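Novice: This is a predicted model, with the sequence first.
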There are 2 protein chains.
Amino acid sequence: MIKFNTRSFVRYVHVYQAKKLSKGVIESAATHDLLQWLGFVKQTQSGLVHWLPMGLRTLNKITHVIKYRMNTYGRAHEVSLSTLSPRALWLRTGRWGNSELFKLKDSKGAEYCLAPTCEEEITSLIGAYVSSYKDLPLLAYQVTRKYRDERRPRGGLLRGREFLMKDGYSFDVTKESAIETFNRMNKCYDLIFQDLRVPFVSAWADSGDIGGDMSKEYHYLHETGEDVLMKCTSCESVSNVETCNSYPVKEGEHGGDVDVRYALNKERDTLLCLYYPKGRTLNWNHVKGIMDDDIDLALRETSNDKILEIFSEKYPEDEAMFASVIRVMDCRLNSHSNFPDFPLKQYLKSNFAQLTGESLVDAVHQEICGECKEGSLEAAKSIEVGHTFYLGTKYSERLDGKFMTKDNNEQLMEMGCYGIGVSRLVGAIAQVTRDEKGLRWPKSSAPYEISLCAAQFDSKVEEARDLLSSHADELWIDARDKVSLGRKISQSHCLGIPLCVIVGNKHWPHVEIEVRGRRVSDQWHAKYNQLAQEYQWTMLPASNDAFEKHRVHKNHLSDVAAILLTDM
Amino acid sequence: MIKFNTRSFVRYVHVYQAKKLSKGVIESAATHDLLQWLGFVKQTQSGLVHWLPMGLRTLNKITHVIKYRMNTYGRAHEVSLSTLSPRALWLRTGRWGNSELFKLKDSKGAEYCLAPTCEEEITSLIGAYVSSYKDLPLLAYQVTRKYRDERRPRGGLLRGREFLMKDGYSFDVTKESAIETFNRMNKCYDLIFQDLRVPFVSAWADSGDIGGDMSKEYHYLHETGEDVLMKCTSCESVSNVETCNSYPVKEGEHGGDVDVRYALNKERDTLLCLYYPKGRTLNWNHVKGIMDDDIDLALRETSNDKILEIFSEKYPEDEAMFASVIRVMDCRLNSHSNFPDFPLKQYLKSNFAQLTGESLVDAVHQEICGECKEGSLEAAKSIEVGHTFYLGTKYSERLDGKFMTKDNNEQLMEMGCYGIGVSRLVGAIAQVTRDEKGLRWPKSSAPYEISLCAAQFDSKVEEARDLLSSHADELWIDARDKVSLGRKISQSHCLGIPLCVIVGNKHWPHVEIEVRGRRVSDQWHAKYNQLAQEYQWTMLPASNDAFEKHRVHKNHLSDVAAILLTDM
């Protein structure tokens, strides 16, 4: 419990006053600015913040929720790995070249990166401890700062260069048990995100550069999100647009202009010509699937002309006509579509393959779901807050992560990895729960659950504080002189504290409770019906644009606060 | 509560078995090796470790003790500052040149260091929030990883290149209130180190490069320590040998060879000749004090010849005889001492000053205390675990840390800073409390307070576990198959867990408790006399070299464990 006073370092009130945070200003402010004005964080450089007391409390509470579920349902062991990770490990996995690694040298010239994620270190660590199948499965996790030299850090906490991340790693004997673990961790994530009390969706996703072939993302739907999710109205599957397969309402419906993108197989001896409707976005995950992974994705950013140039080097002038070509037609095209000219002058029809009926582009709103082939897809923008991967043996192979099987054979560990952006969650929860009056935290991430506001700090405030002793760790007291009670209350609401307890002379020994928190259930109401009389508890009719208000005898304040918080 | 099983990632038992940690091996092992063998940490590179579950628990428990006192008695606000600190800030304080800074560049070429301490960042942060004297005093602290590119990292956790540090900073209006805060923080440190239950001493100390002119260190006395403390048998003052003033038992007792060290004042126009007994160590803090700070300490590592060369440049040939010289004689010398030749050929006696009766060298065992000038000094080696500084305006001046006084004048904030090496404490506590049987943690830093050992995991173990539910967070269960009960018990003791509860068939429903923890008080005994009969609690006579053992009815196990732990 902290008594707010003017000596408090989080001088949000002064800032608040200085900025004259009128309703209009709050309403139109970016969430990251609100978090700064209200003393949660202070941005020091692009993508870097200092955590101030208020924000650190929120960060720690979210961390606590995550650790609790990881330790219990997740049965994971908590570790804390060194941030300085030596070059040699990253060379083995081929990730040293990643341009987003922060790198440094020590005084002896040894090179390190600041770990952005810890597959290298953990595989090497676990490999040193595990010798037998009896040691598996096992799961380790940590909550530590990670580093990524983002070229364009933005959105404040949503995309930082230094961020707090929960990263977990699993090690199993077989692919089957690894997938069991992957599924269990996804259930663990469901519990974590339920505990955080912000509606979320999980979606099948692209594994990206991490590798592996099963991957799930956790998202908050929000119109400011950078991701796009597609949800089927029939089978209800949700996936990131990066992996969402879709079909047009009518095959061959596109009779207009056609775009082409050239690509090469891994051997670079076969030209892929990818045709799709002009104006749509080619989806490389789909192409990869269609080609059974035989495509050189390193050339993804390479221009069509350059692709043709590389390809032509494979076939000297006199062999050009033997060049192998695969043409892939998006299923939205038809024979009347307006195709571009074919790039090769001479060719043998027998070296040509043609694939039709495939979907090559990102799904769009209202197309047909590629999973059930029945429902229609709905698009929604979202903020990604967690990601799980089944990794297979990608890292154990490169880092020698082996164990002895029951039959005394050496075998590679099957891995999974599981991330949650903890500091990102602070920004994301603030963003999706805030309203025109300011922040509005769920109980589990609120810096304090209860604020105690009074005109000044007198014996009544002391008594109310003592009566709330079972909430002491979650109590914020604002009884400054020279600030009006009305301002204190509106500042409590702007900070997003779920309950504001108001102590005044008029109704004492009754106190008032204003409700700022959003309800996720309505259990309080049954309790109210049952206990109102005994507790001298009345709910006051709220005027327009005002907050729900309760009045209760001080002796029952603590119980009523607990009942109201149950639903937040 | 964690059930120990062979799938546990901390496979300390396997390691333990592999190393055949017989009594002799444990006894002679370095503490850092023990910490690694027992699964507390794993060293990855010189000065870098991964924290494993067992060690992380100890680290977190120590952190908790520190935060509790900082939040309550310390009235400090917890923050968490970015580790990446930009070059510009460090240029302003002149600390960018520090050769132990880890430095790196981002993709845009901006330079950062990994903060080894946060005076720069916090002064700049607080300066941005504080505008008036009304905002002061205030105190902020954090527990975060710090970085120092030590040339010779050693002693495992005692001197790492990445380490967890609690660093606190205070800001006051006047020097008087800053010193009040400094004194209060020293009391707060006393409470913290009392809570950790390892005997400690606080000693006046040298401020070193941090700056400021009052400074206190917190030490654990231990023969492996790198520091030397001097304690007066009379006035009981304790100080680091770096600042301890001493006098010889008899003035002028040294009639033998004399060493000389040359130095220059800040203007470099006066030569200081420091004479002291050969074989003793010159103490620059004493010299600084004698010279009222007018000495150029940048030349501390410069040879005598080079000093004379620099000095002679100030005085061209024809002015040499006007050179200003101060000779300082250590009080241990006498006129019969064997002085070296004087370096200057020509000089005017009138430009000569001579100081005698000063103490120029490090104190040694059994000299006279410089404080009370009566007692005799006792030397003891020690490990430094905390340091407090009154800083004055050194940082606020360079970083523009100003506020408006009551009279509307701009004034610099008066600062203090307060460090505790949290990861260092893990190594230090392990070192000073261990014995020939392994680690032996005080309750407040033990990874678990109680281990529950049984031949196998059966319904009795389950019952005992449930009966210990109020200790659930501090309970470690070892009921593996195929490992003898005796080995489990000795492993619990080697891990240093204070109480080992043994569940067996023979005495059930009574269980046994072996005491590994060291007692800091004896409250348990009165309770024992009072409750033994009611609790069916008997203390068993211990055989030679065995641990104190109790037997108690299972229904009172939890209470008796709590009573025994009170004293540890």
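Specialist: Here it is on my side, so go on.
Novice: Now do the helices in the stretch 101-250 of chain A.
Specialist: A:119-129, A:175-195 (DSSP state H, counting those that start in this stretch).
Novice: looking at this, A:Met54 is in a helix?
Specialist: Yes. Per DSSP: H, G, I helix; E, B strand; the rest coil, A:Met54 lies within a helix segment.
Novice: from what I can see it touches A:Trp37, true?
Specialist: No. The pair A:Met54 / A:Trp37 is not scored as a contact, 11.2 Å apart, by CB atoms under 8 Å. All C-beta atoms are positioned from the backbone trio N, CA, C, and that covers glycine.
Novice: more crowded one of these two?
Specialist: Counted by other CB atoms under 10 Å in any protein chain shown, A:Met54 and A:Trp37 do not tie: A:Met54 has more neighbours, with 23 against 19.
Novice: Centroid-nearest residue for chain A?
Specialist: A:Val385 (1.1 Å; CA atoms, centre = their mean).
Novice: Tell me the spacing between that one and chain B.
Specialist: 20 Å (CB to the nearest CB, to the nearest Å).
Novice: mind exporting the helix or strand where that residue lies as PDB, just the C-alpha atoms?
Specialist: A:Val385 is part of strand A:377-392, with elements assigned from DSSP states H and E. These are the backbone C-alpha positions of strand A:377-392, laid out as PDB (Å, rounded to 0.1, in the frame of the first residue of the first chain):
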ATOM      1  CA  LEU A 377     -14.200 -15.800 -44.200                       C
ATOM      2  CA  GLU A 378     -14.400 -12.700 -42.100                       C
ATOM      3  CA  ALA A 379     -11.300 -10.500 -41.800                       C
ATOM      4  CA  ALA A 380     -10.300  -8.700 -38.600                       C
ATOM      5  CA  LYS A 381      -7.300  -6.700 -37.700                       C
ATOM      6  CA  SER A 382      -5.400  -7.800 -34.600                       C
ATOM      7  CA  ILE A 383      -2.400  -7.400 -32.300                       C
ATOM      8  CA  GLU A 384      -0.300 -10.500 -31.800                       C
ATOM      9  CA  VAL A 385       0.600 -11.200 -28.100                       C
ATOM     10  CA  GLY A 386       1.800 -14.800 -28.100                       C
ATOM     11  CA  HIS A 387       3.200 -17.400 -30.400                       C
ATOM     12  CA  THR A 388       3.800 -21.200 -30.100                       C
ATOM     13  CA  PHE A 389       5.800 -23.400 -32.400                       C
ATOM     14  CA  TYR A 390       6.400 -27.100 -32.800                       C
ATOM     15  CA  LEU A 391      10.100 -26.900 -34.000                       C
ATOM     16  CA  GLY A 392      11.000 -30.500 -34.700                       C
END
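Novice: just checking, what packs against the helix or strand just after it?
Specialist: Counting by DSSP H and E, the next helix or strand C-terminal to strand A:377-392 is helix A:394-398. Packing partners of helix A:394-398 (3 or more CB pairs under 8 Å, 6 or more residues apart in numbering or on different chains; DSSP states H and E): helix A:119-129, strand A:414-421.
Novice: go with 7 Å
Specialist: helix A:119-129 (3 or more CB pairs under 7 Å, 6 or more residues apart in numbering or on different chains; DSSP states H and E).
Novice: Return the nearest residue of the stretch 351-500 of chain A with respect to chain B.
Specialist: A:Ser423 (9.9 Å; CB to the nearest CB).
Novice: just to revisit the earlier point, mean neighbour count, the helices of the stretch 101-250 of chain A: which tops it?
Specialist: Mean neighbours per residue, mean count of other CB atoms under 10 Å in any protein chain shown, is largest over the helices of the stretch 101-250 of chain A for helix A:119-129, with a mean of 22.
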